[in-house]
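Trainee: Okay, sequence plus prediction incoming.
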Amino acid sequence: MKNSFEEKVYKLCRSIPKGKVAIYGQLARLAGNRKAARAVGYYMKTNEDVPHTPCHRVVAADGSLTGYSGRGGIAGKRKMLIREGVQFKKNKVDLGYSLWKKSS
DNA sequence: AAAATGACGGTGT
DNA sequence: TACACCGCCATTT
């Protein structure tokens, strides 16, 4: 069993509310490793909990949608987020308005 | 065990 | 704002 960094990342990913988005660095930081953003992305890619983990709600630090192994790729991901209520700025997410905050 | 890869982040140009 | 380079971590080969 993992019960460690990996599990924390997945758990946090599932904790992201609809209409909000989190950044890889944020998940990495909450999981305990601020610089593990890269590894976090790797988990999303492998993404075992596919329908269980809304990996599409995770974006880059500047709101850019980097990669998506799911259907539609980046385009589909962007559309999906918009559909959930996330505000977009051109090709990037409006973090100042839709960035998820761990709060409590 | 060592080297290569990747859905990143930050800084420099 | 866009592109390039370096540094970081975890996983895979």
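Mentor: The structure has been received and is ready for your questions. Numbers count the residues shown, from 1 in each chain, chains lettered A, B, ... in the order given.
Trainee: First-to-last residue distance for stretch A:88-98?
Mentor: End-to-end distance of stretch A:88-98 (CA to CA, to the nearest Å): 9 Å.
Trainee: Could you give me the buried positions within it?
Mentor: Buried residues in stretch A:88-98, counted by 16 or more other CB atoms under 10 Å: A:88, A:93, A:95, A:98. No exception for glycine: its C-beta is placed from N, CA and C like everyone else's.
Trainee: which stretches of chain A form helices?
Mentor: Taking DSSP state H as the test, the helices found in chain A are A:5-15, A:24-31, A:37-46, A:73-84, A:95-98.
Trainee: closest one to DNA strand C among those?
Mentor: Closest to DNA strand C of the helices of chain A, according to CB to the nearest atom of the strand: helix A:37-46, at 2.9 Å.
Trainee: in that closest one, what's buried?
Mentor: For helix A:37-46, burial by neighbour count (16+ other CB under 10 Å) applies to A:37, A:39-41, A:43-44.
Trainee: Tabulate the helices of chain A (CSV), appending mean pLDDT and distance to residue A:63.
Mentor: Shown next, in CSV, are the helices of chain A (pLDDT from 0 to 100; distance: least, CB to CB, whole Å):
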stretch, mean pLDDT, distance to residue A:63
helix A:5-15, 93, 17
helix A:24-31, 95, 12
helix A:37-46, 94, 14
helix A:73-84, 94, 10
helix A:95-98, 94, 5
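Trainee: need those helices in JSON lines with distance to residue A:60, can you?
Mentor: Converted to JSON lines, the helices of chain A look like this (distance: least, CB to CB, whole Å):
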{"stretch": "helix A:5-15", "distance to residue A:60": "15"}
{"stretch": "helix A:24-31", "distance to residue A:60": "7"}
{"stretch": "helix A:37-46", "distance to residue A:60": "9"}
{"stretch": "helix A:73-84", "distance to residue A:60": "11"}
{"stretch": "helix A:95-98", "distance to residue A:60": "10"}
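Trainee: interface residues of chain A facing DNA strand C?
Mentor: Contact residues (CB under 7 Å from any atom of the strand) of chain A with DNA strand C: A:5-6, A:33, A:35-39, A:42-43, A:46.
Trainee: Tell me how far residue A:10 lies from residue A:94.
Mentor: According to CB to CB, to the nearest Å, residue A:10 stands 26 Å off from residue A:94.
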